[in-house]
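J.: Model the structure of this input:
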Amino acid sequence: MNENEIAKVIVDAAYKIHTKLGPGLFESVYETVLAYELGSQGFWIARQQAIPVVYEGIRLEEGFRADLIVEDKVIIEIKSLETLHPVHKKQLLTYLRLTNKRLGLLINFGEELIKNGITRLVNGL
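T.: Numbering: from 1, shown residues only. Below is the predicted model of the structure:
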């Protein structure tokens, strides 16, 4: 599956989860449930994967942690906030650049309507 096909499955799963659980839980709850939902559909999922960063030739083993990486192609950054800020999109774009991945989804389960909480970000896709 390509990134766009994977993203469609992720979005559908996010809708299902938000419909059943609603907004306002901790991010870790949504992360766990989304990982379970995608894993039950046969996807390979990495949770809280440490991503190294190379700075001036020095490899820093824990530059950041990705909430979820699906099929080693799509990064999911999960939030459960009343309002997202521009820095959240910038953060995910930086993750995409540093990992050389082409698609990321910023999913804010804190929104009343989940369709308003899903942002698709690309890095050369």
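J.: wait, residue 61 sits on residue 49?
T.: No. Residue 61 is beyond contact range of residue 49, at 11.8 Å (criterion: C-beta atoms under 8 Å). C-beta coordinates here come from the backbone N, C-alpha and C atoms, glycine included.
J.: which of the two has more neighbours?
T.: Counting neighbours by other C-beta atoms under 10 Å for residue 61 and for residue 49 shows that residue 49 has the greater number, 15 against 8.
J.: Which pLDDT value goes with the closest residue to that one other than its chain neighbours?
T.: Leaving aside its sequence neighbours, residue 49 sits nearest to residue 66 (C-beta to C-beta, 6 or more residues apart in numbering; 5.0 Å). pLDDT recorded at residue 66 is 94.
J.: strand partners of the helix or strand where residue 66 lies, parallel vs antiparallel please.
T.: Assigned by DSSP states H and E, residue 66 falls within strand 58-70. Using DSSP bridges, the strands paired with strand 58-70 are strand 45-55 (antiparallel), strand 74-79 (antiparallel).
J.: Check which residues of it are buried.
T.: 63, 66-70 (16 or more other C-beta atoms under 10 Å).
J.: thinking again about what came up before, ok now do the residue nearest to residue 49, which residues does it touch?
T.: 46, 48-49, 51, 75-77, 95, 99 (C-beta atoms under 8 Å, 6 or more residues apart in numbering).
J.: Would you mind measuring from residue 64 to residue 124?
T.: For residue 64, the distance to residue 124 equals 20 Å [C-beta to C-beta, to the nearest Å].
J.: Work out which residue lies at the spatial centre of the chain.
T.: Taking C-alpha atoms, centre = their mean, the centroid of the chain lies closest to residue 76, which sits 0.9 Å from it.
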